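Undergrad: 3D, please:
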Amino acid sequence: MTPRQAAFMRSEAFETLFGGAAGGGKSHGQLLDALRFAVVYPGSRQLMLRRTMPELERSLVPAAMRLYPQSVASYKVSEHRWDFINGSTLEFGYCDAESDVTKYQSAEYDVIRFDELTHFTESQFTYLISRIRGANPYPKQVKSTTNPGGIGHQWVKSRYIDPMPPDEVHAFDGETRLFLPARLADNPFLCRADAGYEKRLRLLSVHDRRALLDGVWELDEGRYFSEFSPALHIVPPHEIPREWRRYLTIDYGLDMLAALWIAQSPDGRSVVYRELYEPGLIISEAAARILSCEASGEQIDVRLAPPDLWNRRQETGRSAVELFADCGLSFEKSSNERVAGWLALHELLAPRRDMDGEPRPRLTIFNTCRNLIRTLPALQHDRRNPSDTANTPHELTHAPDALRGYAATVFEPPAPSVPTAYDCEVGEFLRF
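TA: Alright, predicted model coming up:
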């Protein structure tokens with residue numbers, strides 16, 4: 001056992017992330033810790049997760065078969081579960097699709113373990129850790145291991161790396177978190193057994209080498225909005241002048257209602273000042289939730305919805321916008337141009353020097369709009385069409401799609417600059 005693995009096993013924080021370079025012994029430490037917990041706490045229940053079943057069968061299952069003594073536990077292949085002689089269990093599970101989390105809806109666990117946490121979305125993680133519960137006195141924990149990169153890179157970085165220094169336990173909303181960096185040098189056993197492993201990692205692309213060899217979390221490759229910066233784009237709530245135009249833009253489906261309220265200044269600057277992000281709402285419920293969010297007497301000048309909400313439904317013969325109108329909300333059609341909309345949003349996010357020489361974007365976001373702040377920088381390029389964003393994982397697309405509808409409809413690119421020359425005789429600039 002390495003000192004880093006021992007620190008992971010000793011952690012009493014509610015959430016522990018052991019993350020960084022490949023080869024640091026993270027998965028092995030996860031299996032050792034699960035074995036220790038099962039033996040120390042009779043009748044305990046644990047769940048260890050990978051994103052897909054093939055990943056489980058290639059990694060954790062064979063590793064556990066080599067590591068766990070048959071005198072202590074037996075593996076039930078059909079149920080992907082280790083049964084210990086003291087009544088403890090360790091399930092191996094997966095969540096390939098976003099909805100797979102519901103398989104664990106009625107389950108109770110003392111510890112849930114994520115192997116390669118950045119392969120999961122934040123909504124999957126949040127749902128699954130709600131299954132940690134029980135009346136026994138055993139510790140209740142979330143223990144995760146991962147490399148940088150993957151679809152969940154941004155939210156994992158925001159949760160564990162950005163807000164706190166490593167190797168220190170910090171409290172957030174009454175729960176404790178710990179981040180333990182992993183380095184290849186932490187695992188001398190691998191370095192001795194496979195002296196060429198580091199050399200092979202150095203042959204990777206710059207992006208993969210930084211993630212897997214160096215364990216670097218500042219990875220921008222693949223991010224669609226690389227210009228997004230919390231320091232520039234996220235602002236504390238402030239008073240919005242009454243003369244600014246106010247917009248509501250939505251992306252709606254039964255899986256998620258994403259609504260953004262945006263104010264636009266006379267000089268074309270925009271601020272997202274409120275959001276609503278809620279799944280499972282039928283149209284009447286969605287309309288009621290939107291109206292309940294708006295302040296008494298608040299004037300919304302334009303409400304925008306995507307064109308698909310004008311399609312008539314086969315079962316009723318009426319469109320979603322007609323049903324919204326019945327509930328007191330009338331919408332105008334936003335542009336559904338994906339690439340043009342993303343380009344307009346690039347323009348709004350791009351920082352430009354103001355009169356004081358300071359970089360200032362034309363779009364800012366109140367720090368209370370947590371879901372937009374979470375999902376917008378997590379969008380990746382579509383590998384088949386780099387001008388577009390990837391539409392998976394779908395959970396990340398709702399709030400950005402609502403913002404794209406606003407940008408594509410409202411944004412007007414600046415007029416092209418007109419060449420000028422200075423006339424020395426009259427002392428002024430002449431336009432051609």
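Undergrad: mind checking pLDDT for the residue nearest the centre of the chain?
TA: Nearest to the mean C-alpha position of the chain, counting by CA atoms, centre = their mean, stands Trp155 at 4.1 Å. The per-residue pLDDT reported for Trp155 equals 86.
Undergrad: thinking it is in contact with Glu122, fair?
TA: Yes. Using CB atoms under 8 Å as the test, Trp155 is close enough to Glu122 to be in contact (4.1 Å). (Each C-beta comes from the backbone N, C-alpha and C, glycine too.)
Undergrad: Report the set of residues contacting both of the two.
TA: Counting by CB atoms under 8 Å, 6 or more residues apart in numbering, the shared contacts of Trp155 and Glu122 are Arg374.
Undergrad: Show me how far whichever strand or helix holds the residue nearest to the centre of the chain is from its chain's centre.
TA: Secondary structure assignment for Trp155, by DSSP states H and E: helix 153-156. Centroid separation for helix 153-156 versus its chain: 6 Å, with CA atoms, centre = their mean, to the nearest Å.
Undergrad: Spell out which residues make up each domain of this protein.
TA: 3-212, 230-410 (automatic domain parsing).
Undergrad: quick one on the thing from earlier: got the contact list for the residue nearest to the centre of the chain?
TA: Here Trp155 is in contact with Thr121, Glu122, Phe125, Arg374, Ala378 (CB under 8 Å, 6+ apart).
Undergrad: Next one: it from Ala231, what distance?
TA: Distance of Trp155 to Ala231, computed by CB to CB, to the nearest Å: 19 Å.
Undergrad: Asn336 now?
TA: 32 Å.
Undergrad: Between those two, point out the one with more neighbours.
TA: Asn336 (15 against 7; other CB atoms under 10 Å).
Undergrad: pLDDT value on the closest residue to the more buried one other than its chain neighbours, please?
TA: Among residues not flanking Asn336 along the chain, Pro307 sits closest, at 4.8 Å (CB to CB, 6 or more residues apart in numbering). At Pro307, the model reports a pLDDT of 96.
Undergrad: re earlier: and the domains of the chain as JSON lines, adding distance to Arg223?
TA: JSON lines is the format used below for those (distance: least, CB to CB, whole Å):
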{"stretch": "domain 3-212", "distance to Arg223": "8"}
{"stretch": "domain 230-410", "distance to Arg223": "7"}
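Undergrad: Go through the ones you listed and find the least confident stretch.
TA: Taking the mean pLDDT of each of the domains of the chain, the lowest value is held by domain 3-212, a mean of 86.
Undergrad: Touching the lengthiest helix in the chain from outside, list them.
TA: Of all the elements of type helix in the chain, the one with the most residues (DSSP state H) is helix 26-40. Residues external to helix 26-40 that are found in contact with it (CB under 8 Å, 6+ apart): 1-2, 4-5, 8-9, 18-19, 44, 46, 48, 59-60, 63-64, 67-68, 72-73, 82, 84, 86, 88-90, 110-111, 113, 115, 139, 143, 145-146, 182.
Undergrad: Apply 7 Å and report the result again.
TA: Under the contact criterion CB atoms under 7 Å, 6 or more residues apart in numbering, helix 26-40 has outside partners 1, 5, 8-9, 18, 44, 46, 48, 59-60, 63-64, 67-68, 72, 84, 86, 88, 90, 111, 113, 115, 143, 145, 182.
Undergrad: Just the ones of those residues in helices?
TA: Gln5, Phe8, Met9, Leu60, Ala63, Ala64, Leu67.
Undergrad: and these, which are buried?
TA: Gln5, Phe8, Met9, Leu60, Ala64 (16 or more other CB atoms under 10 Å).
Undergrad: what's the closest of the residues you listed to Ile129?
TA: Nearest to Ile129, judged by CB to CB, of these is Phe8 at 17.7 Å.
Undergrad: In contact with the closest one, which residues?
TA: Phe8 makes contact with Thr16, Phe18, Gly29, Asp33, Leu180, according to CB under 7 Å, 6+ apart.
Undergrad: now with 6 Å?
TA: Residues counted as contacts of Phe8 (CB atoms under 6 Å, 6 or more residues apart in numbering) are Phe18, Gly29, Leu180.
Undergrad: Surely the first one touches Pro181?
TA: Think Phe18. No. Using CB atoms under 6 Å, Phe18 is not in contact with Pro181; the gap is 8.4 Å.
Undergrad: Which residue of those two possesses the greater neighbour count?
TA: Applying other CB under 10 Å to Phe18 and Pro181 shows that Phe18 carries more neighbours, namely 28 against 17.
Undergrad: Which parts of the stretch 151-300 of the chain are strands?
TA: 170-172, 175-182, 234-235, 245-253, 256-264, 270-278 (DSSP state E, counting those that start in this stretch).
Undergrad: Now do the buried residues in the last one.
TA: The neighbour-count check on strand 270-278 (16+ other CB under 10 Å) flags Ser270, Val271, Val272, Tyr273, Arg274, Glu275, Leu276, Tyr277 as buried.
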